[in-house]
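> would you be able to build a 3D model of this:
(chains A and B)
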Amino acid sequence: MVQFFLESDRVAEFVTHLMKRKPVYAPHRKGRKSYSFERTRDAAGVVLDYPRVMQSVKKFFLPPREQLLSFDLGDNTCRAGEVEPLDAIFLGVHSYDLAAVGRLDHNFSEGRAERNYLTRRQGALWVGVSYEPDEYHFAGSVGIDPYDTEGFDIFLTRLLDGYVLEVLTPAGESLLEGFDLPAHEAGKPAKKHFQQHIYVPQDRLNEVMSASYNNPVWEETALGCVGCGTCNLVCPTCYCFNVEENVDITVTKGSRDRHWDGCMLREFSEVAGGEVFRETLAARQRHRVMRKFKYISEKTGQPWCVGCGRCTAYCTAGISIVNIVNRCISDYEKSTVSAIR
Amino acid sequence: MAQKPRVAIFDFTGCEGCELNQLNFEDQLLDILAHVDIVEWREAMDDRPGEYDIAFVEGSLSTPDCIKRIHEIRRRAKVLVAVGACAVQGGINGMKNIRPIEQVREEVYGEDKYLFPTLPALPLRAVVKVDHEVRGCPMTQIEFLKVFTALVMGKEPIEPTSSVCTECKLKENECVFTKGMICLGPVTRAGCDAHCPTFGQYCTGCRGLVPEPNLEGMKEILVEHGLSVQEAWKRLQLYNAVELEGVRS
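Presented below is the predicted three-dimensional model:
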């Protein structure tokens, strides 16, 4: 592994160098207090020191809205939407967000492979950056360190006045060609501390959640939850979508479109005939959390939550997924103690 | 080709903004007219033949005469579509219902009040069967086109029940609460593509409440962001007084 030192003052120069190679997508300021991954047009606009973006890089591979096919009765044709690999550099990605992409790769490859997602996923190069855990991050509890370099081609670890730049793959090495950097011999900075924790090791979460189906926490959480769906729609590992057909006003042309959907929404579980099979907010909350810590993880051996903290940070009602899981843990521990007695 | 569906457009108590929004379909108006014959529209034309397949109705019902007219319209229409917040959920007019009706009448008409009989403002569905709804204040144009197209094709229009938050998230709008403003998006029906938050405003709730809204939860959110309980309730009442307060006589 080769390590270099990238001074803070040279970050824009580094971004400009990358932009000459391929299109660059990176975090930029958005609104008053937010950040968003956007196509970089001006290297000076890239922000590498950011707590989180509302939408992870998932949005580039599974767009929030996308046309699957279009049809025209005029010439009786039907065409699938054009999808191309995203031959680009994703710069400034946090380790939990790349881990989430890995989980989505599994979801969309398993069974019948999902053409659009998997086509877009080809060709991306990853330049990661470490982050300072804030009051919402808990990635450490699901085994993802802020310095985790897994899957990255280049990784930037933030120091006081610059970054340790690690080259991790041949692709990463070729990205750096023509950009001179001093070698960096020193080690990495001290381990980052998370402010939020899930209080059991991740390999015990299945066991805890299996025992939590009838926990009162679901009803209690539902008192404050308004079912707006935000938690689903900012989650980097949520991949549910709805498909609808739209016909334009000429009634000769139309399209089949899909958009992100979420299990917290009432209409998500509404089926033909008007039956809603998760009628209450409590049932929907339980389903959401079980999808992250039991239903999928039972099959894959990994939590389907990456600890980014988005569902809590953006929850309009201030509901914390960490508090819900810890409550399940605490009740489970109490029940096992009394069973021993 | 079969005869084109005959369409009639009516208005009750409201600002006529929804009708204006129908006239404002500059790019689509000719396409709309290709599918239907508009046979009655007070705001846009003179003659009144009086038979029609689809009635688009704007405004709430707030006088005895309104009640008589809406029954007549319902009798003559195969399909009745409520258009805009006043017609769908009573809208802003519903705030009239929060106070005693006689007091409101006196305040507005003074000593001539006996010339103007008045009723609590009602959404159309309180009086007649409504087949479809186009929500919003003014009515959401994209939704009108969807409902219209579905009716022309003889299909059931899909009317969204999820929150405005979903549309903000899909557009990655900075959350209105993050900006330090108050927003009713979490309990307000989607379908407008989060029009107001997208352009820097907050959601005032014009499209009505989601089905089975958690009102206590929403009040708590608003109080958490600095409103008093009374202020929070008033915000929710703006477009939803009829649903929240019922109707006083």
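
> quick check: residue A:232 touching residue A:284?
No. Between residue A:232 and residue A:284 there is no contact, the gap being 9.4 Å when judged by Cβ atoms under 8 Å. Bear in mind the C-beta positions are built from the backbone N, C-alpha and C, glycine included.

> for the residue in chain B that chain A sits nearest to, what are its contacts?
Among the residues of chain B, residue B:174 lies closest to chain A, at 3.1 Å counting by Cβ to the nearest Cβ. Contact analysis of residue B:174 by Cβ atoms under 8 Å, 6 or more residues apart in numbering or on different chains lists A:30-34, A:54.

> and the closest residue to residue A:65 other than its chain neighbours, what's its pLDDT?
Setting aside the residues directly before and after it, residue A:65 is nearest to residue A:259 in space (Cβ to Cβ, 6 or more residues apart in numbering or on different chains), at 4.6 Å. Per-residue pLDDT puts residue A:259 at 97.

> what comes up buried for the one helix or strand residue A:259 maps to?
According to DSSP states H and E, residue A:259 maps onto strand A:253-260. Within strand A:253-260, the residues scored as buried using 16 or more other Cβ atoms under 10 Å in any protein chain shown are A:254-260.

> reformat those as CSV; add distance to residue B:10.
Below are the buried residues of strand A:253-260 laid out as CSV (distance: Cβ to Cβ, whole Å):
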residue, distance to residue B:10
A:254, 30
A:255, 33
A:256, 35
A:257, 33
A:258, 37
A:259, 34
A:260, 38
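
> which one of those is nearest residue B:51?
Nearest to residue B:51, judged by Cβ to Cβ, of those is residue A:254 at 30.9 Å.

> residues touching that closest one, list them.
A:70-71, A:245-248.

> again with residue A:143
By Cβ under 8 Å, 6+ apart, residue A:143 lies in contact with A:202, A:303.

> doesn't residue A:53 lie inside a helix?
No. With DSSP: H, G, I helix; E, B strand; the rest coil as the criterion, residue A:53 is assigned coil and is not in a helix.

> touching, it and residue A:35? I think so.
Yes. Here residue A:53 reaches residue A:35: they are 4.8 Å apart, a contact under Cβ under 8 Å.

> got any residues that touch both of these two?
Shared contacts of residue A:53 and residue A:35 (Cβ under 8 Å, 6+ apart): residue A:27.

> who's more crowded, the two?
Using other Cβ atoms under 10 Å in any protein chain shown as the criterion, residue A:53 and residue A:35 rank with residue A:53 on top: 27 against 20.

> list residues touching both of residue A:232 and residue A:284?
Shared contacts of residue A:232 and residue A:284, defined by Cβ under 8 Å, 6+ apart, comprise A:263-265.

> any idea how far residue B:7 is from residue B:22?
Distance, residue B:7 to residue B:22, using Cβ to Cβ, to the nearest Å: 10 Å.

> what's residue A:91 sitting at in phi/psi?
In terms of degrees, to the nearest 10, the main-chain angles of residue A:91 are phi -110, psi 140.

> distance of it relative to residue A:22?
Distance of residue A:91 to residue A:22, computed by Cβ to Cβ: 10 Å.

> those two: who's more crowded?
Comparing residue A:91 with residue A:22 by other Cβ under 10 Å, the one with more neighbours is residue A:91, at 25 against 15.

> tell me the contacts of that one?
Applying Cβ under 8 Å, 6+ apart, the residues contacting residue A:91 are A:15, A:18, A:24-26, A:40, A:46, A:48, A:127, A:129.

> thinking again about what came up before, now, which of the shared contacts of residue A:232 and residue A:284 sits nearest chain B?
Using Cβ to the nearest Cβ, residue A:265 comes nearest to chain B of the shared contacts of residue A:232 and residue A:284, at 4.5 Å.

> that closest one: neighbour count?
Using other Cβ under 10 Å, the number of residues around residue A:265 comes to 26.

> wait, it touches residue B:162, no?
Yes. Contact criterion Cβ under 8 Å: residue A:265 and residue B:162 qualify, at 4.5 Å.

> coming back round to it: give me the common contacts of residue B:7 and residue B:22.
When Cβ under 8 Å, 6+ apart defines a contact, the residues bordering residue B:7 and residue B:22 alike are residue B:56.

> residues from the stretch 1-150 of chain A in reach of chain B?
The stretch 1-150 of chain A comes close to chain B at residues A:30-34, A:36, A:54-55, A:59, A:64-65, as judged by Cβ under 8 Å from any Cβ of the partner chain.

> redo that, cut-off 7 Å
With Cβ under 7 Å from any Cβ of the partner chain as the criterion, the stretch 1-150 of chain A meets chain B at residues A:30-34, A:36, A:54-55, A:64-65.

> which one of these is nearest to chain B?
Closest approach between the residues of the stretch 1-150 of chain A next to chain B and chain B, by Cβ to the nearest Cβ: residue A:31, at 3.1 Å.

> could you look up the SS state of the residue of chain B closest to chain A?
In three-state terms, and counting by three-state DSSP, residue B:174 is coil.

> got any residues that touch both of residue A:265 and residue B:162?
Listed contacts common to residue A:265 and residue B:162 are residue A:229; contacts here mean Cβ atoms under 7 Å, 6 or more residues apart in numbering or on different chains.

> ok, now which ones touch the residue nearest to residue B:89 when sequence neighbours are not counted?
Distances taken as Cβ to Cβ, 6+ apart put residue B:208 closest to residue B:89, at 4.4 Å, once the chain neighbours are dropped. Residue B:208 is in contact with B:85, B:88-89, B:135, B:189, B:239-240, counting by Cβ under 7 Å, 6+ apart.

> max pairwise distance over the residues you listed: which two?
Spatial extent of the contacts of residue B:208 (Cβ to Cβ) is set by the pair B:135 and B:240 at 11.7 Å.

> domain parsing for chain B?
Residue ranges for the domains of chain B, per automatic domain parsing: B:6-153, B:164-245.

> can you lay out these as CSV showing distance to residue A:166 and mean pLDDT?
Shown next, in CSV, are those (distance: least, Cβ to Cβ, whole Å; pLDDT from 0 to 100):
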stretch, distance to residue A:166, mean pLDDT
domain B:6-153, 48, 90
domain B:164-245, 30, 96
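
> ok so residue B:181 is a strand residue?
No. Residue B:181 is assigned coil when assessed by three-state DSSP, not a strand.

> could you identify which of the contacts of residue B:174 has the most neighbours?
Neighbour tally across the contacts of residue B:174 (other Cβ under 10 Å): the maximum, 24 neighbours, falls on residue A:54.

> mind listing what that one touches?
Contacts of residue A:54 by Cβ under 7 Å, 6+ apart are A:34, A:36, A:234, A:314, B:172.

> for it, grab phi and psi.
Dihedral pair for residue A:54: phi -60, psi -50, per degrees, to the nearest 10.

> same check on residue A:186?
Here is the backbone geometry of residue A:186 (degrees, to the nearest 10): phi -70, psi 160.

> which non-adjacent residue is nearest it?
Closest to residue A:186 by Cβ to Cβ, 6+ apart is residue A:164, at 7.9 Å.

> packing partners for whichever helix or strand residue B:231 is part of?
Assigned by DSSP H and E, residue B:231 belongs to helix B:229-245. Applying 3 or more Cβ pairs under 7 Å, 6 or more residues apart in numbering or on different chains; DSSP states H and E, one finds that helix B:229-245 makes contact with helix B:85-89, helix B:215-224.

> and those helices as CSV, adding mean neighbour count?
Supplementary listing: the helices and strands packed on helix B:229-245 in CSV, determined by neighbours: other Cβ atoms under 10 Å in any protein chain shown:
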stretch, mean neighbour count
helix B:85-89, 31
helix B:215-224, 18
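
> for the ones you listed, which one sits closest to residue A:277?
Across those, residue A:277 has its closest neighbour in helix B:215-224 (22.3 Å, Cβ to Cβ).

> please enumerate the strands of the chain.
The chain I'm using is chain A. For chain A, the strands defined by DSSP state E occupy A:2-7, A:24-30, A:34-39, A:65-72, A:77-80, A:89-93, A:125-129, A:154-158, A:162-167, A:241-247, A:253-260.

> please refer instead to chain B.
Going by DSSP E, chain B shows strands at B:6-11, B:37-41, B:52-58, B:77-83, B:132-134.
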